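1. Can you look at this prediction? I've put the sequence above it.
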Amino acid sequence: KEKEIFFFGGMQWLAVAIAYLLWTQMLFWIPPEVWEALSNQDGAGPIDYALFVWAFVCVGVAAFPIGIFSGCMGVTHFLHKQGRASTVAMCLKLSLPNAWPLWAFHWTDGWITVRQIMYRLPRQNDTRSLEEKLYSEALYYAWKVGIAGVLPSLVLGKSMIESGKESVAFVKQNTKEIIKLRSAYSGICWVIGILTYILAFFVSVYFGSNEFNIANFYLLMAAPIVLAVGVIMFFLRPIYVLSMCNLYSDYLKANNKTVELPDNPPKAISALVVFSLLCVALLVVFYFREE
């Protein structure tokens, strides 16, 4: 019914695609002889730390639009519940006041997600035991279940700390439903991830060069990765967010709590300024990378 949700999903997809392509650029800035030296190096070096910081900032840049437009999806649900008109402008007006907590939450969650995805990738001379991998997955899944109520709570104007406490209470009261919803979402994402991995293999075989280059490899992987992210952002994530908001609405109703959407746009100005400065900083690094 609310077609603007596809717009919000599309903007999130665009943010992830740009952030990924931006991240791959630093791989091209590192000379081949440095990569060769890194392969013979024990432990982390300056390049590792530089890549870490660059990846962290790229995730942060993507997290701002993802946070705002995820908030817009939540606003759409609550407006629909109240019988009010849901438009892109109205959703942005009601989502932007929460720009700071939405950004901070999605930056944190995005970084944890990226780290977990990287942890799952196969690697040479892998010394990790099955128990370590399962423990890592259990922690990650516990985090995802535990934060189930944070987004809808942020949408309603609560702070990060208040939303965290509210999420704990929400999960305690709806544990079974949340685990089932999260399991379904994660299960389909796993299937998409495996298909993406298979597609990436064929892409690398048919379009890759005989001489392996890590920068060209990750750039080549942009096609299957962005395609998979598009499926998730356009279809799976909206269903998950709206379903969770619907469950959260039932939780509020069961506890006699009112739904009040915030309406104070000036709060978003400082977050927009900081986000703009961060983007400018990335552009400065990009254009003066040789120096």
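-> On my side now, so go ahead. Residues are numbered from 1 along each chain as shown.
2. Point out where the stretch 1-150 of the chain drops to low pLDDT.
-> Within the stretch 1-150 of the chain, the stretches with pLDDT under 70 are 39-45.
3. where exactly do the helices run in it?
-> Here the stretch 1-150 of the chain has its helices, by DSSP state H, counting those that start in this stretch, at 4-29, 32-39, 46-81, 88-95, 99-120, 130-146, 150-155.
4. just checking, what packs against the fourth one?
-> Spelled out, that is helix 88-95. helix 4-29, helix 46-81 (3 or more C-beta pairs under 8 Å, 6 or more residues apart in numbering; DSSP states H and E). For glycine as for every other residue, the C-beta is placed from the backbone atoms N, C-alpha and C.
5. Return the distance of residue 90 relative to residue 75.
-> The span separating residue 90 from residue 75 equals 8 Å under the rule C-beta to C-beta, to the nearest Å.
6. Also residue 174?
-> 21 Å.
7. same thing with residue 232?
-> Taken as C-beta to C-beta, the span from residue 232 to residue 75 is 21 Å.
8. Neighbour count: those two, which is higher?
-> Applying other C-beta atoms under 10 Å to residue 232 and residue 75 shows that residue 75 carries more neighbours, namely 26 against 20.
9. Surely that one touches residue 156?
-> No: using C-beta atoms under 8 Å, residue 75 is not in contact with residue 156, being 9.4 Å away.
10. shared neighbours of those two, anything?
-> residue 261 (C-beta atoms under 8 Å, 6 or more residues apart in numbering).
11. so which of the helices and strands packed on helix 88-95 gets nearest residue 198?
-> Comparison of the helices and strands packed on helix 88-95 against residue 198 by C-beta to C-beta identifies helix 4-29 as nearest, at 19.1 Å.
12. on contacts alone, who are the packing partners of that closest one?
-> Where contact means 3+ C-beta pairs under 8 Å, 6+ apart, helix 4-29 is packed against helix 46-81, helix 88-95, helix 214-220, helix 222-231, helix 237-254, helix 268-287.
13. Now tabulate those in TSV and tack on distance to residue 191.
-> Shown next, in TSV, are these (distance: least, C-beta to C-beta, whole Å):
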stretch	distance to residue 191
helix 46-81	22
helix 88-95	30
helix 214-220	22
helix 222-231	10
helix 237-254	15
helix 268-287	33
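14. among those, which is nearest residue 169?
-> helix 237-254 (8.3 Å).
15. OK, contacts around residue 64?
-> 15, 99, 103, 106-107, 271, 275.
16. Those: which two are farthest apart?
-> Between any two of these (C-beta to C-beta), the greatest distance is 15.3 Å, for 15 and 271.
17. Touching the helix or strand where residue 165 lies from outside, list them.
-> Here residue 165 sits within helix 160-173, counting by DSSP states H and E. For helix 160-173, the external contacting residues (C-beta under 8 Å, 6+ apart) are 101, 104-105, 145-150, 153-154, 158, 178, 248, 251, 254-255.
18. if we go to 10 Å?
-> Counting contacts by C-beta atoms under 10 Å, 6 or more residues apart in numbering, the residues outside helix 160-173 that touch it are 98, 100-102, 104-105, 108, 145-159, 177-179, 244, 247-248, 250-252, 254-255, 257.
19. Also compute the angle for it relative to helix 237-254, please.
-> 80 degrees (axes from the mean of the first three to the mean of the last three C-alpha atoms, to 10 degrees).
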